[in-house]
Structures are given as structure tokens and as C-alpha cells.
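Asker: sequence and predicted model, in that order:
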Amino acid sequence: MSLTSPTSEAGYSVTRIQQKIQAAVLPVTGHEKLGLGAALHRILADDIIAPVDVPAFDNSAMDGYAFAHRDLLSHQELSVVGKSYAGHPYQGQLQPGQAIQITTGAPMPAHADSVLPQEQARLINATVLDMRDITVHKGQHKRLRGEDLAAGEVALAKGSRLGPAELGLLASLGLAAISVTRKLRVAIFSTGDELRSSGQNLDSGSVYDSNRITLHAMLSCFGAEVSDLGVLTDDPDVIAAALTRVVPLVDVIITSGGVSAGAADFTKQVMQQLGQINFWSVDMRPGRPLAFGHIRNNQHCACVFGLPGNPVAMMVSFYFFARPALQLMSGEQVSTTLPVRAIITEAVPKKMGRTEFQRGICALDASGNLQVAITGAQGSGILSSMCRANCLVMLTPGQENIVAGDTVSVLLFEGLL
């Protein structure tokens, strides 16, 4: 799906642009089979149906003694007649007034429905358990067969990202390999005669290119397969040749800078020539200029994101616009980072009508309240402020100047950037 025509639109909200972009992308095709050990952070291609009950049998949640709760009505002492260990279940049949010693995860014997924890047990001798003045509820510390997952139930839904817990769940089902969607293929590049790669010498008027490294890292954390095209000179023919060449090889092309109204913004010019691209001015700070669309080369098509050139604006724009689209394209269920509420410690000037993201440091005060302080200067080129911050303070279009003591919404960096 592509956008209808090259346009230049101003004043769109963050939410509206997110909706436009997400409506214009489709999931990629292609799956692969991977062992669980190689599937971390990959996206499930199909629903996983539990082939067995988990747990597969009633078992004990504690080390202790298993017995039938009804016996406590007529017995103050229980005879300990055997043991049930994990992997070595008790083979006998419990009779009224009997109990067995049991370990965590060991099968519960037939007719036993409750467990007395080891630390609460009083033994009169090695084979007699004193139950006087001990309160045990029926079913206490007994884990039921299938209480985690029942056979035939959807264990994990298609589109789930596989983290440590998900992989552990798959292993508990006895699965050794699963089908995942293929990795997104993403090309990145920077443009600018002034840019130098790390390790090169700086001459007069040149600067090091940080955005490409930052983009590569964010995409790697996402799980994409990244192709780095390097720094392209400010030459429309060079940029056009690079874009045309890479379109058949990738799903997405991401660049930063060159999409505003500057005289040397050749990236915007080339994008307009090669594809159907929208250029937007977003009502947000940092990150006002944004481009999105599609470039074609014969039957091949690639999505294109033109992110702002300032480092902080590029990172924020990647998270709010590119990342949700990449999730959709990879078949992942789009996740939303939920904000927390914190008390801001200082005044923040704010204009009505736009979304602002301030870099902040969240911490608990002496009373246990969550507070947030701004990291200082908030220029969109001050990358060091992202290193000092652990969150973004999210100020909505309807908010104006913020005063110290106001409660604000905060997006924690963990799992964000």
C-alpha cells in the first residue's frame, strides 16, 4: 500500500501521523523455523496451541507433607507412610489418616488435596505428623493439572515477541522449534558533505555522524537486519543511485536529515522523484519535520522514513513513528508504553497546541513519591541529555506552562529507546 501522492502538509498531531503511517504499511511475508535457543526477540508467525496440560499432573507448590484434608476432622496425628519426589512419585495408595513427605513439583498422590509446608510441620517421631493446633485450608499449596495452560488452549498468540518468559513457556510445552516471521531488512544512510564516520579525521567545518550509529543500535535492539549504506554526499544523483539500488534488497529505508526546507536538502528532492512520499510538519518538539512513503524500482517497493537530522529529534521520531510501523510490518502486535505519573520539580515553559517530550530523570523522593527533574537544556541536538535521562516527560497539546509541583506523564526509557 502506498500513499496517494507527494504532499506537503503541516500541523498534524502525533496521533494523526501515527494513524496515517500505520494505515499505509503491510506485514512482510516469509517465515523460518528456529530452535528456541535462537528465537529470542523474534516474532511468532502462528498461534501456539498447547499440546499438553501444564502442569501435566497435580503437584505440590511447597516442600512439606501431602494428605487428604478431610482426615483432619477425625485425626490429630497423621502417619507418614512414604515420599514423593520430583521425578519419583509415590507409588502407593493413601489410606485415611496417612500422609506422605513431598517436594516442590512432585506429583500429589491420589486422594491427597492439601500440603502442610515443611517449616510448619511438627513430627512426634520420624513417621508421625502432629496436626493439633495447625490450620490448613483445603487445597492449600496444591497446583492443579492444567492450571497454567490446558491442552488445546492458545499458549501464545501470533505476533508475540519472544522474550525469556515466552521461550520458557514454549519449553514447558515440550516444543523444540517454532515458526517465526523473517527479520525486517532495513537500510540506513546519512547525507551531508560535512559528515565524517567515526575514526576519520575532522577537517574544517566537518562533524562526526552520530545518527547512523544510533539508528543502527535502535534497529538492532528491535531485531531488524540492518544494511548500513554509509554517508552519501550532497549530490542528488548519488542519493538517487543508492536508493534505486537498495530498494529490491530491503523492506524499509531510513535516513535522518535532508527532509526539511533547506537549500541543500537533496534527500527530499530525490524522494519526490523516485516515489510517493508525504512530507509533514508534526506538532511536536523535538522532531517537527518527517517524511514517509514508498519508493519503487520496477516490481520492488520499500517503505521510506525520513527522520529529522538533530540527534534527539531523530530518536524520538523513530520511537513514535517508525517503531510502531516496523512492529506492524514484522507481524508483531503493536505495543504501547504506558506512562506513569510523577511530580515535576521545576517549571517548564510550554506552548499550547503541540506535544512536547522533555528529557528527564525520575526518582523516588524520601517519602516514596515519584518525582521527575528535567535534564537541563532541551535542544534537539543535545545528545548528551539523552544519556543523562532515564525518561521522557510527555506534555500534551492541551497543556501550557508547567509549574513545579504539577503532576505530569512520564515514559520510562526501559523498553522505550
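Answerer: All right, it came through fine.
Asker: pretty sure residue 21 sits in a helix.
Answerer: Yes. Counting by DSSP: H, G, I helix; E, B strand; the rest coil, residue 21 is found in a helix.
Asker: isn't it right next to residue 324, touching?
Answerer: Yes. Under the criterion of C-beta atoms under 8 Å, residue 21 makes contact with residue 324 at 7.5 Å. (Glycine included, C-beta is placed from N, CA and C.)
Asker: okay, those two: which has more neighbours?
Answerer: residue 21 (23 against 18; other C-beta atoms under 10 Å).
Asker: hey, where'd the helices end up in this protein?
Answerer: Per DSSP state H, the chain carries helices over the ranges 14-22, 164-172, 211-222, 236-246, 266-274, 311-317, 323-329, 384-388.
Asker: which other helices and strands contact the fourth one?
Answerer: Right, helix 236-246. Counting contacts by 3 or more C-beta pairs under 8 Å, 6 or more residues apart in numbering; DSSP states H and E, helix 236-246 packs against strand 185-191, strand 225-232, helix 266-274.
Asker: right, and the ones you listed - which one's nearest residue 320?
Answerer: Closest to residue 320 of the helices and strands packed on helix 236-246 is strand 185-191 (C-beta to C-beta; 17.3 Å).
Asker: who's in contact with that closest one?
Answerer: When contacts are defined by C-beta atoms under 8 Å, 6 or more residues apart in numbering, strand 185-191 is touched by residues 209, 211-212, 215-216, 219, 224-234, 239, 242, 246, 249-258, 266-267, 302, 326.
Asker: one more: stretch 193-212?
Answerer: Stretch 193-212 is contacted by residues 188-190, 192, 213, 228, 230-231, 233-234, 256-257, 309, 311, 314, 383 when judged by C-beta under 8 Å, 6+ apart.
Asker: with stretch 338-353 instead?
Answerer: Contacts for stretch 338-353 (C-beta under 8 Å, 6+ apart): 283, 356, 358, 360, 362, 369-374, 393-395, 397-412.
Asker: surely residue 234 touches residue 267?
Answerer: No. When contacts are counted by C-beta under 8 Å, residue 234 is not listed as touching residue 267 (9.0 Å).
Asker: more neighbours: these two, which one.
Answerer: Higher neighbour count among residue 234 and residue 267: residue 267, with 27 against 16, using other C-beta under 10 Å.
Asker: from residue 405, how far off is residue 348?
Answerer: Distance, residue 348 to residue 405, by C-beta to C-beta, to the nearest Å: 12 Å.
Asker: quick check, pLDDT for residue 376.
Answerer: Per-residue pLDDT puts residue 376 at 81.
Asker: before we move on, the earlier item: between the helices and strands packed on helix 236-246, which gets nearest to residue 40?
Answerer: Of those, the one closest to residue 40 (C-beta to C-beta) turns out to be strand 225-232, at 15.1 Å.
Asker: just want the angle from that closest one to helix 211-222.
Answerer: Interaxial angle of strand 225-232 relative to helix 211-222 (axes from the mean of the first three to the mean of the last three C-alpha atoms, to 10 degrees): 180 degrees.
Asker: strand 225-232 vs strand 185-191, what angle?
Answerer: Using the same axes, to 10 degrees, one finds that strand 225-232 and strand 185-191 are set 20 degrees apart in direction.
Asker: now the helices and strands packed on helix 236-246 as CSV including mean pLDDT and distance to residue 152?
Answerer: Putting these into CSV (pLDDT from 0 to 100; distance: least, C-beta to C-beta, whole Å) gives the following:
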stretch, mean pLDDT, distance to residue 152
strand 185-191, 93, 36
strand 225-232, 92, 35
helix 266-274, 85, 50
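Asker: how many residues are close by the closest residue in space to residue 332 that isn't next to it in sequence?
Answerer: Distances taken as C-beta to C-beta, 6 or more residues apart in numbering put residue 43 closest to residue 332, at 4.8 Å, once the chain neighbours are dropped. Neighbour count of residue 43, defined by other C-beta under 10 Å: 23.
Asker: hey, what's residue 43 bridged with?
Answerer: Residues in a beta bridge with residue 43, per DSSP bridges, are residue 161.
Asker: give me the number of residues near residue 201?
Answerer: For residue 201, the tally of surrounding residues (other C-beta under 10 Å) stands at 6.
Asker: so where do the strands sit in the stretch 51-200 of the chain?
Answerer: Assigned by DSSP state E, counting those that start in this stretch, the stretch 51-200 of the chain shows strands spanning 59-60, 64-67, 77-84, 98-102, 114-117, 122-125, 128-130, 142-143, 154-156, 177-181, 185-191, 195-196.
Asker: deepest of those strands, which one?
Answerer: strand 64-67 (a mean of 27; mean count of other C-beta atoms under 10 Å).
Asker: pLDDT of it, averaged?
Answerer: Average pLDDT, strand 64-67: 97.
Asker: just checking: what are the partner strands of that strand?
Answerer: strand 98-102 (antiparallel), strand 114-117 (antiparallel).
Asker: next, format these as a markdown table and append mean pLDDT and distance to residue 72.
Answerer: Formatted as a markdown table, the entries for the strands paired with strand 64-67 read as follows, by pLDDT from 0 to 100; distance: least, C-beta to C-beta, whole Å:
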| stretch | mean pLDDT | distance to residue 72 |
| --- | --- | --- |
| strand 98-102 | 97 | 11 |
| strand 114-117 | 97 | 9 |
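Asker: turn those into TSV, including distance to residue 57.
Answerer: Shown next, in TSV, are the strands paired with strand 64-67 (distance: least, C-beta to C-beta, whole Å):
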stretch	distance to residue 57
strand 98-102	13
strand 114-117	14
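Asker: if we can go back for a sec, which one of the helices of the chain is the most hemmed in?
Answerer: Looking across the helices of the chain with neighbours counted as mean count of other C-beta under 10 Å, the highest average goes to helix 311-317: a mean of 25.
Asker: and the contacts of that helix?
Answerer: With C-beta under 8 Å, 6+ apart as the criterion, helix 311-317 contacts 210-211, 214-215, 218, 256, 282, 284, 286-288, 290, 307-308, 357, 359, 379-383, 385-386, 392, 417.
Asker: in strands only, show me those residues.
Answerer: Assigned to strands by DSSP state E, the following of the contacts of helix 311-317 qualify: 256, 282, 284, 290, 307, 357, 359, 392.
Asker: beta partners for the fourth one?
Answerer: The residues listed as beta-bridge partners of residue 290 by DSSP bridges are residue 280.
Asker: my read is that it contacts residue 321, right?
Answerer: Yes. If you go by C-beta under 8 Å, residue 290 and residue 321 touch, sitting 6.3 Å apart.
Asker: output the helices of the chain as CSV; include the columns distance to residue 85.
Answerer: Output for those, formatted as CSV (distance: least, C-beta to C-beta, whole Å):
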stretch, distance to residue 85
helix 14-22, 53
helix 164-172, 20
helix 211-222, 43
helix 236-246, 60
helix 266-274, 67
helix 311-317, 53
helix 323-329, 45
helix 384-388, 52
